[in-house]
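Asker: Here is the input, now give the coordinates:
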Amino acid sequence: MHATRRLILTAAAGLTLMMSGITAATAADEPAKGPNGLPILKVGTSGTFPPFEFHNSETGELVGFEIDLVRAIGQKMGRDVVISDFSFDAILPAITSGTIDMGAAGFAKTAERAKRIHFCDTFYYSGLTIIKRKGDTRINGIEDLEGKTISVQLGSISHERAKKIPGAKVVTFESGSEAMLNLITENC
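Answerer: Residues are numbered from 1 along each chain as shown. Okay, the predicted model is just below:
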């Protein structure tokens, strides 16, 4: 079996197991029915993180890897998937309040977040990256951000890390692309 397919199936199985526990614990009454007459799996995302979740520029429909993944999970669980678009920082509170059953928005698993919600097995690894204007030779590492203005996505791991940089002015945005635009327009 191709490694990518095995990875996707492993992630889907992990999310299915995770969601089975969450829905059983939160569904005291008969769940609402979706368009196919199946119980609804309510998913929150933030359509600003291609290729994982984003809006198709022609149709406006939410698409991407995690969108496909949650639809496959819903099918496996016998659920109609209803996906709602949230600001990134509102998804975790929506999960903990029971407004949605699960989130799919490129979350980094941290010990603090794991105290409040369940995570599936990690299916994509990334790290933090400093993005600077072309030709800027002043910033070569995280220590060079001390005392600087830093644009980040609200509620992201980058936001948490930036708050720890001495003297930095942290400016938050609803999406990573808005933070990038702030950099491009030389506001930071």
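
Asker: dump the residue contacts of Gly78.
Answerer: Contact analysis of Gly78 by CB atoms under 8 Å, 6 or more residues apart in numbering lists Leu38, Pro39. Quick note: C-beta positions are derived from backbone N, CA and C, even for glycine.

Asker: Tell me where the protein has strands.
Answerer: 40-45, 48-49, 53-55, 62-63, 80-85, 102-103, 149-153, 169-173 (DSSP state E).

Asker: Ile150 against Thr172, yeah?
Answerer: No: at 9.6 Å, Ile150 does not count as touching Thr172 under the criterion of CB atoms under 8 Å.

Asker: Can you give me the separation between whatever residue is furthest in space from the centre of the chain and Asp144?
Answerer: Largest separation from the mean C-alpha position in the chain: Thr137, at 31.6 Å (CA atoms, centre = their mean). Computed as CB to CB, to the nearest Å, the Thr137 to Asp144 distance reads 10 Å.

Asker: Also Pro93?
Answerer: 34 Å.

Asker: about what we covered before: need the pLDDT of the residue farthest from the centre of the chain.
Answerer: We have a pLDDT of 93 for Thr137.

Asker: domains for the protein, by residue range?
Answerer: 41-115, 143-185 (the TED database).

Asker: In JSON lines, list those along with mean pLDDT and distance to Gly34.
Answerer: Output for the domains of the chain, formatted as JSON lines (pLDDT from 0 to 100; distance: least, CB to CB, whole Å):
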{"stretch": "domain 41-115", "mean pLDDT": "95", "distance to Gly34": "2"}
{"stretch": "domain 143-185", "mean pLDDT": "93", "distance to Gly34": "28"}
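
Asker: mind putting these in JSON lines, distance to Ile130 included?
Answerer: Below are the domains of the chain laid out as JSON lines (distance: least, CB to CB, whole Å):
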{"stretch": "domain 41-115", "distance to Ile130": "16"}
{"stretch": "domain 143-185", "distance to Ile130": "7"}
